[in-house]
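Enquirer: Compute the structure for the input listed below.
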Amino acid sequence: MSKRRHLTTEQSNPSSNRIDDLSVREILDMINREDRAVAQKVGDALPEIEDTVKLTVAALRNGKRVFYLGAGTSGRLGVLDASEMPPTYSVPIDWFQGIIAGGDMALRKSIEGAEDKPDAAIKDLTTHGIEAGDVIIGISASGAAKYVQSALNYGHEIGSKTIYLTCTAKPFYPVNVDLTIFIDVGPEIITGSTRMKAGTATKMVLNMISTATMIRLGKVYGNLMVDLMAVNEKLVDRGIRIIQDFTNLNFKDSHRILVAAKMSVKTALVMVKKDCNLDVAEKLLLDANGFLRDVID
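Expert: Below is the predicted model:
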């Protein structure tokens, strides 16, 4: 068995070598100090994250898709980010897809051995209909997941765009990819526990990629998620408040126009600002490629 001692994620953090002898408050202070440095380390990787967003935007504009793929915590974080896209931005459910080693059962129950099955990655990608032009973001904190390595190599071979998101400078398993996003968070407070700083960094990066992609595709106006579909009480209330803020309509009339717009906040805003019906509003948005600012400004 190959040794992993050289991996950053497997090294001991000298700051915490007596953490078991500290008070609860001291433990929490130490974890907090380490976590505060994560955002800066993510900032160091902004050029690579920017290049990734350019790839995801181009892919989605061309009818392709974005896949997050990982094992354990990495896989769960990918599934989490992907699953938030349809309700938040009203995008098709296949635009962002999260694939975790071991399947959906691994979301709730640890199936860590699944990361050592390279053939399963190819099978999972094939099941999801992966094709040239799709984007695969493989997530592995240590770069030691054969499942992720196999997926990225396979994707690269068939013409997908491939990105390796990792927290170690030299991944344990090398891959042939278009981009590598390396977040140098250093050794974990608890040696090898990559659900901590590495997990935090991963969530931050995925949030950046998906959010920036949605902004560039016209899913945001100002800093508001105007493309949300009001499918529950919370989102209905948020949608009504957005309409109120931009139109000066009262709550009742904002609710009425939201219903008339088939619960689409963006369409409702166009109907009010352009004083038009649903069909005209939808046509205006279609002609503007969904960019609300291009319609009402």
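Enquirer: Around Asp275, how many other residues sit close by?
Expert: 9 (other Cβ atoms under 10 Å). (Glycine included, C-beta is placed from N, CA and C.)
Enquirer: And what about it, helix, strand or coil?
Expert: With DSSP: H, G, I helix; E, B strand; the rest coil as the basis, Asp275 sits in coil.
Enquirer: Could you pull out the buried residues of the strand or helix carrying Ala121?
Expert: In the assignment (DSSP states H and E), Ala121 maps to helix 118-127. By neighbour count with 16 or more other Cβ atoms under 10 Å, helix 118-127 contains the buried residues Pro118, Ala120, Ala121, Ile122, Asp124, Leu125.
Enquirer: ok, now stretch 12-29?
Expert: Asn13, Ser16.
Enquirer: swap in stretch 94-114?
Expert: Trp95, Phe96, Gln97, Gly98, Ile99, Ile100, Ala101, Gly102, Ala106, Ile111, Ala114.
Enquirer: close enough to count as contact, the last one and Ala106?
Expert: Yes: because the distance of 6.1 Å satisfies Cβ atoms under 8 Å, Ala114 is recorded as touching Ala106.
Enquirer: Going along the chain, name the helices of the stretch 51-200 of the chain.
Expert: For the stretch 51-200 of the chain, the helices defined by DSSP state H, counting those that start in this stretch occupy 72-89, 118-127, 146-158, 197-216.
Enquirer: Leaving out sequence neighbours, find the closest residue to the residue sitting nearest the centre point of the chain.
Expert: By Cα atoms, centre = their mean, the chain has its centre lying nearest to Leu206, at 3.3 Å. Excluding its sequence neighbours, the residue lying closest to Leu206 (Cβ to Cβ, 6 or more residues apart in numbering) is Asp81, at 4.2 Å.
Enquirer: ok, that neighbour touching Phe96?
Expert: Yes: if you go by Cβ under 8 Å, Asp81 and Phe96 touch, sitting 7.1 Å apart.
Enquirer: Identify the contacts common to those two.
Expert: Counting by Cβ atoms under 8 Å, 6 or more residues apart in numbering, the shared contacts of Asp81 and Phe96 are Tyr68, Ser210.
Enquirer: ok, which pair from the buried residues of stretch 94-114 is furthest apart?
Expert: Greatest spatial distance in the buried residues of stretch 94-114: Trp95 and Ile111, 26.5 Å, computed using Cβ to Cβ.
Enquirer: So, low pLDDT: which residues of the stretch 101-250 of the chain?
Expert: Low-confidence segments of the stretch 101-250 of the chain, defined by pLDDT under 70: 111-112, 116.
Enquirer: cutoff 80 now
Expert: For the stretch 101-250 of the chain, the stretches with pLDDT under 80 are 106-107, 110-118, 228-231.
Enquirer: quick one: the strands in it?
Expert: Using DSSP state E, counting those that start in this stretch, the strands of the stretch 101-250 of the chain run over 135-139, 161-166, 179-182.
Enquirer: contact partners of the shortest one?
Expert: Applying Cβ under 8 Å, 6+ apart, the external contacts of strand 179-182 come out as 45, 48-49, 51-52, 55, 162-169, 205.
Enquirer: how does it look with 10 Å?
Expert: With contacts defined as Cβ atoms under 10 Å, 6 or more residues apart in numbering, strand 179-182 is touched by 8, 41-42, 44-49, 51-52, 54-55, 135, 137-139, 143, 161-171, 201-202, 205, 208-209.
Enquirer: Within the sheet, what are the partner strands of that strand, with directions?
Expert: Taking DSSP bridges as the criterion, strand 179-182 forms sheet pairs with strand 161-166 (parallel).
Enquirer: which parts of the partner strand are buried?
Expert: Neighbour-count burial for strand 161-166 [16+ other Cβ under 10 Å]: Lys161, Thr162, Ile163, Tyr164, Leu165, Thr166.
Enquirer: per-domain residue ranges of this protein.
Expert: Per automatic domain parsing, the domain ranges recorded for the chain read 8-216, 233-296.
Enquirer: returning to that earlier point: between Ala114 and Ala106, which contacts overlap?
Expert: Residues within reach of Ala114 and of Ala106 at once, by Cβ under 10 Å, 6+ apart, are Ala71, Gly72, Gly75, Ile100.
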